[in-house]
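Student: Sequence plus predicted model, see below.
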Amino acid sequence: MSSPKTIVVLTLAVVLLAAGFFAWPRFASWLAERVGPGNSLLSSTPDEIDGARRSLGDLVLIGRPGRALDYRRAAFGAAWDDVDGNGCNQRDDVLLRDLLKDRPYSLGRQRECSHDVLAGTWIDPYTGAEIVLTDAKQRDQAQSVQIDHIVPLLAAWRYGAREWTDQQRLRFANDLANLVAAGGEANQSKGGSDAAEWRPVRAAQCGYAVRYVTVKHTYGLTSDAVEKAALADMLATCP
């Protein structure tokens, strides 16, 4: 039996289509923008949005960097490290932080880690897709939820991190403010792309851009005219 919410949405769709007000692709886009990704981690307060807009203007501009043939993942330290000394590595910490606490989930203990996530539900912040793991230790399932660097390590390298010390890069790679549990497909699609090369669905662009700009500003990373324009465009989707 359909839920009242489903009936309302379907009825609205029929009415709008019958009226000729929306072609289906436009209606689908309109609806997605209102339903959107459900991960509150990438939602932003008005103050955060205003701060990101100001910070975007403060980013030092350089010419658009080319391919980083000298990039080394190892320059950012081990993946993943227990930088806060709580017994769990950053992957464990992010999985626990981002899982839906109002859904069934299971935690175990692995050596010194008291919150090894064994099962749970996550919302991909870039697509809005719901991902359920019944056995997070099963390889195929585990790959469906991956830990993403909002500002990728490769992008950070291109925009200034190659000049940092090893300790600075280790801190950046494990900073929870730059980490999010994301769907495997979205994470693989994003890869090392900067904000000019990849965007999430429109409903997620505000939160993504706010976090991206905030991280860049915090770490003194540079930008370029193409990336800055893309970020400004995404910030324009904010309320």
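Tutor: Right, received. Where do you want to start? What you see is a predicted model, and the numbers here were worked out from it, not measured in a lab.

Student: Which positions in the top helix by length along the chain come out as buried?
Tutor: Secondary structure assigned by DSSP state H gives helix 202-218 as the longest helix of the chain. Along helix 202-218, the positions that meet the burial threshold by neighbour count (16 or more other C-beta atoms under 10 Å) are 203-217. The way it works is simple: take the backbone N, C-alpha and C, and place the C-beta from them, glycine included.

Student: Stretch 217-231 too?
Tutor: If you call a residue buried by 16+ other C-beta under 10 Å, then stretch 217-231 has these buried ones: 217, 219, 221-224, 227-228, 230-231.

Student: coming back round to it: please name every helix or strand in contact with the helix or strand following the longest helix of the chain.
Tutor: In the C-terminal direction, the helix or strand that comes right after helix 202-218 (DSSP states H and E) is helix 225-235. Helices and strands in packing contact with helix 225-235 are listed as helix 46-58, helix 202-218; criterion 3 or more C-beta pairs under 8 Å, 6 or more residues apart in numbering; DSSP states H and E.

Student: Serialize those helices to JSON lines and add fields for mean pLDDT and distance to residue 81.
Tutor: Compiled in JSON lines, the helices and strands packed on helix 225-235 are given as follows (pLDDT from 0 to 100; distance: least, C-beta to C-beta, whole Å):
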{"stretch": "helix 46-58", "mean pLDDT": "98", "distance to residue 81": "27"}
{"stretch": "helix 202-218", "mean pLDDT": "97", "distance to residue 81": "18"}
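
Student: Tell me which of those helices sits nearest to residue 112.
Tutor: Proximity of the helices and strands packed on helix 225-235 to residue 112 was assessed by C-beta to C-beta; the nearest stretch is helix 202-218, lying at 28.6 Å.

Student: tell me what the closest one is packed against?
Tutor: Contact here means 3+ C-beta pairs under 8 Å, 6+ apart; on that basis helix 202-218 packs against helix 24-35, helix 46-58, helix 225-235.
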